[in-house]
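1. okay, predicted coordinates and the sequence, questions at the end:
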Number of protein chains: 2
Amino acid sequence: MTESVRRAVTADERKFAQRCARGRVVVIDDDAEILSALATLLDFEGYACETYPSAPAYLQALSDDRPCFPGPCCVLCDVKMPELDGLELQQRLAALEHAPLLLMSGASGALEAVSAFRAGALDFLIKPIDADVLLQAVVKALAVSLERQRARGRRHDLVARMAALTGKERAVARLAARGRLNREIAVELDIALRTVKLHRQRAMEKLGANSVVDLARIADEGGL
Amino acid sequence: MTESVRRAVTADERKFAQRCARGRVVVIDDDAEILSALATLLDFEGYACETYPSAPAYLQALSDDRPCFPGPCCVLCDVKMPELDGLELQQRLAALEHAPLLLMSGASGALEAVSAFRAGALDFLIKPIDADVLLQAVVKALAVSLERQRARGRRHDLVARMAALTGKERAVARLAARGRLNREIAVELDIALRTVKLHRQRAMEKLGANSVVDLARIADEGGL
DNA sequence: AATTCAATTGCCCCAAGGGGCAACACAAGC
DNA sequence: GCTTGTGTTGCCCCTTGGGGCAATTGAATT
């Protein structure tokens, strides 16, 4: 019996974990039918799907829903909506370094599509939307999202570690990462050779670098 | 008099150099009027402009014109043309890692624009084309071209230098660039420590690296 | 077979990096 | 004033990297 309970729980958990890993798609459209149709499709395909009837509703949810979704995420949004235009939403989201955006529109002209791409939309889907085209776009968008999240995570981590450095340590690490010799660093910063070694050692361990090469990579990625 | 001759020559040269530095724009359109109008505008703005009445004509010129243009370059091409479609040209050029492409079209639907962007076009201009929009797109395209050329140049250079390495030298350089100590490398490759030092030294000078850090960067960029 | 050339290796020396230990200076707090 | 803690420095030792010199080996050439 414990067995069956455990099974039920793990099955649920697994399903949830799978959806998280696959990613979340936020769908925004003022047409309820389309909204539910897209939700059904995406849900069936194993994505964690969230729907909103308008852009403001999503922005509202954004400020509340602080428990951040663990996994890649993209937004699929209709262009023509009464309250807030898809292109306007795009601008607001871009300001937040937000998830990649897919726009969709029925029977629209080239201008809308061009505007969307220029503003950084990942794709522009023309209604009626073909399921394969949609899913392909979602896959790509989530891949981009994942990559961005990873990059941001790495960068965040590095910045945090760099913040633990004192000024001198950072200066020494910077020069060391540029390939300068300890003696050169000592002259340049006008401190004793032994001090350079100390700061260098401290910086290396604070940054988690095992070799000069590691230090160089960290300095590169962390912006010195 | 020598003075005046020299002045005349340098003025010409300077003009040519300026155009090269600004970049070249290849314009392709089957409408002769549009072609000349665009050429006039671009020429006036200081770009080195080249025009072709059809995509095949440009492809033909591509195979002949081997004296490669020294500077950034982009292609501005009409979508609707009798012989070879702009989108088809796009595919062919993409296969050649060619210059960035700007497509233009009159009164076309969203589908064309979307296809263009999906296939990697940098922008899509809708006729009638606004001069400012066009010039802005050209500036961006040439900037992209310049960046690509630089990256390609660096990579080419590095690949050439890497090609000068012997097998062992490359292996040693690879491990050294990963931060391994000489002794570890010796064990891993089953050679004497002194030999590792030799190969390392040779590799460093062949690659033009002054320090381990340089070596690491070169290995990173040159795909090691 | 003799020679030549490149690759590999050992031996040795020097410079640079890593780091322990102790002294010194200086500011903050008792 | 004294203590404490932090930052800096000098001294010394060991390891590692850099490199000159010569011997060895093995293959290619004459």
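-> Nice, I can see it.

2. can the longest helix seen in chain A be found next to chain B?
-> Criterion DSSP state H: the longest helix present in chain A is helix A:131-163. No. Helix A:131-163 lies out of reach of chain B by Cβ under 8 Å from any Cβ of the partner chain, never closer than 9.4 Å. In this view, the C-beta of every residue, glycine as well, is placed from N, C-alpha and C.

3. counting contacts, what elements does that helix pack onto?
-> Using 3 or more Cβ pairs under 8 Å, 6 or more residues apart in numbering or on different chains; DSSP states H and E as the contact criterion, the elements in contact with helix A:131-163 are helix A:32-44, strand A:73-78, strand A:101-106, strand A:123-127, helix A:193-207, helix A:212-221.

4. now for the residue nearest the centre of chain A: which residues touch it?
-> Here the mean C-alpha position of chain A is nearest to the C-alpha of residue A:149 (Cα atoms, centre = their mean), at a distance of 3.1 Å. Shown in contact with residue A:149 (Cβ atoms under 8 Å, 6 or more residues apart in numbering or on different chains): residue A:72.

5. and the pLDDT for it?
-> Looking at residue A:149, its pLDDT is 91.

6. re earlier: in the longest helix of chain A, what's buried?
-> Across helix A:131-163, burial judged by 16 or more other Cβ atoms under 10 Å in any protein chain shown covers A:134, A:137-138, A:140-142, A:145-146, A:148, A:158, A:161-162.

7. got the residues of chain A near chain B?
-> Within chain A, the positions near chain B by Cβ under 8 Å from any Cβ are A:105, A:108-114, A:117-118, A:123-124, A:126, A:177-179, A:210-214, A:216-217, A:220.

8. what does chain A have sitting close to DNA strand D?
-> When proximity is defined as Cβ under 7 Å from any atom of the strand, chain A approaches DNA strand D at A:166, A:168, A:191-195, A:198-199.

9. which of these ranks first by neighbour count?
-> residue A:199 (24 neighbours; other Cβ atoms under 10 Å in any protein chain shown).

10. ok, so what distance separates that residue from DNA strand C?
-> 10 Å (Cβ to the nearest atom of the strand, to the nearest Å).

11. now do residue A:127
-> 61 Å.

12. thought that residue was touching residue A:80?
-> No. Look at residue A:127 against residue A:80 with Cβ atoms under 8 Å: they stay out of range, at 10.0 Å.

13. overlap of the contact sets of these two?
-> A:105-106.

14. show me the shaky parts of chain A.
-> Residues of chain A meeting the criterion pLDDT under 70: A:1-9, A:65-66, A:84, A:86.

15. spatially nearest residue to the residue sitting furthest away from the middle of it, not counting backbone neighbours?
-> In terms of distance from the mean C-alpha position of chain A, residue A:192 ranks first, at 43.8 Å (Cα atoms, centre = their mean). Using Cβ to Cβ, 6 or more residues apart in numbering or on different chains and skipping residues adjacent in sequence, the residue nearest residue A:192 is residue A:186, 6.3 Å away.

16. hmm, back to that, please identify the deepest-packed of the helices and strands packed on helix A:131-163.
-> strand A:73-78 (a mean of 26; mean count of other Cβ atoms under 10 Å in any protein chain shown).

17. pull the CA atoms of the helix or strand following it into CSV?
-> Later in the chain than strand A:73-78, the nearest helix or strand by DSSP states H and E is helix A:86-95. The C-alpha coordinates for helix A:86-95 follow below in CSV (Å, rounded to 0.1, in the frame of the first residue of the first chain):
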residue,chain,number,x,y,z
GLY,A,86,1.0,42.5,-29.1
LEU,A,87,3.8,44.7,-30.3
GLU,A,88,3.4,47.0,-27.3
LEU,A,89,3.6,44.0,-25.0
GLN,A,90,6.8,43.0,-26.9
GLN,A,91,8.4,46.3,-26.0
ARG,A,92,7.5,46.0,-22.4
LEU,A,93,8.8,42.4,-22.1
ALA,A,94,12.0,43.3,-24.0
ALA,A,95,12.7,45.9,-21.3
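
18. tell me the helices and strands packed up against helix A:86-95.
-> helix A:55-64, strand A:73-78, strand A:101-106, helix A:110-118.

19. how close does residue A:88 sit to residue A:116?
-> Per Cβ to Cβ, to the nearest Å, residue A:88 is found 12 Å from residue A:116.

20. neighbour count winner among those two?
-> Neighbour count, other Cβ under 10 Å: between residue A:88 and residue A:116, residue A:116 has more, with 28 against 13.

21. for the more buried one, give its distance to residue B:155.
-> Counting by Cβ to Cβ, the gap from residue A:116 to residue B:155 is 33 Å.

22. same deal with residue A:155?
-> Applying Cβ to Cβ, the value for residue A:155 to residue B:155 is 25 Å.

23. before we move on, what about residue A:135?
-> Separation of residue A:135 from residue B:155 (Cβ to Cβ): 35 Å.

24. could you report the neighbour count for the closest residue to DNA strand C within chain A?
-> Going by Cβ to the nearest atom of the strand, DNA strand C is nearest to residue A:182 of chain A, at 3.1 Å. If you count neighbours by other Cβ under 10 Å, residue A:182 ends up with 17.

25. for it, give me its contacts.
-> A:176, A:193, A:196-197, A:200.

26. tell me the one among those nearest to residue B:45.
-> Nearest to residue B:45, judged by Cβ to Cβ, of those is residue A:176 at 46.9 Å.

27. hang on, the earlier thing: list phi and psi for the residue of chain A closest to DNA strand C.
-> Main-chain torsions, residue A:182, degrees, to the nearest 10: phi -60, psi -40.

28. ok, it to residue A:193 distance?
-> Taking Cβ to Cβ, one finds residue A:182 at 6 Å from residue A:193.

29. just residue A:127 next, same as before
-> Separation of residue A:127 from residue A:193 (Cβ to Cβ) stands at 70 Å.

30. do residue A:163 as well
-> Following Cβ to Cβ, the distance that separates residue A:163 from residue A:193 is 27 Å.

31. distance of the residue nearest to the centre of chain A relative to residue B:143?
-> 28 Å.

32. buried stuff in stretch A:19-31?
-> Within stretch A:19-31, the residues that qualify as buried are A:19-20, A:22-30, counting by 16+ other Cβ under 10 Å.

33. swap in stretch A:51-61?
-> By neighbour count on 16+ other Cβ under 10 Å, the buried set for stretch A:51-61 is A:51-55, A:58-59.

34. just stretch A:77-96 next, same as before
-> For stretch A:77-96, by 16+ other Cβ under 10 Å, it's A:77-81, A:84-87, A:89-90, A:93.

35. quick one, domains of chain A?
-> Listed domain ranges for chain A are A:2-153, A:164-221 (source: automatic domain parsing).

36. need the distance between the two termini of the shortest one.
-> What that stands for is domain A:164-221. Using Cα to Cα, to the nearest Å, the gap from the first to the last residue of domain A:164-221 comes to 16 Å.
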